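Asks: no FASTA, just this:
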């Protein structure tokens with residue numbers, strides 16, 4: 001309850017910086033030395049590419065199936 005009162009006080013005073021500090025804590029002034037000295041993270045894209053290829057295959061299979069169904073329906077008229 002006390003936390004809600006503090007938040008409401010900050011909102012009513014329109015002090016956005018104090019409200020952010022209360023909600024999320026004090027911002028870090030600078031990155032830590034070990035993180036700054038480390039190289040960039042390498043993101044593995046192969047699983048994402050596999051999912052994209054699978055989604056593409058499903059899409060094109062459904063599209064070709066829909067066109068084939070339309071052709072079959074038009075031919076049977």
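Replies: That came through, no problem. Just so we're clear, the structure is a prediction, and the values are computed from it rather than from any experiment.
Asks: Could you use CA atoms for every contact and neighbour count after this?
Replies: OK.
Asks: residue ranges for the helices of this structure, please.
Replies: 2-12, 16-24, 33-37, 46-75 (DSSP state H).
Asks: Let me have these in TSV, adding mean neighbour count and mean pLDDT as columns.
Replies: Converted to TSV, the helices of the chain look like this (neighbours: other CA atoms under 10 Å; pLDDT from 0 to 100):
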stretch	mean neighbour count	mean pLDDT
helix 2-12	12	70
helix 16-24	13	68
helix 33-37	9	64
helix 46-75	11	94
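Asks: what residues are up against residue 44?
Replies: For residue 44, the contact set (CA atoms under 8 Å, 6 or more residues apart in numbering) is empty.
Asks: Same check on residue 74?
Replies: Residue 74 neighbours (CA under 8 Å, 6+ apart): none.
Asks: Could you measure from it over to residue 67?
Replies: Relative to residue 67, residue 74 is positioned 10 Å away (CA to CA, to the nearest Å).
Asks: domain ranges for the chain?
Replies: 1-29, 44-77 (automatic domain parsing).
Asks: phi, psi of residue 45?
Replies: phi -100, psi -10 (degrees, to the nearest 10).
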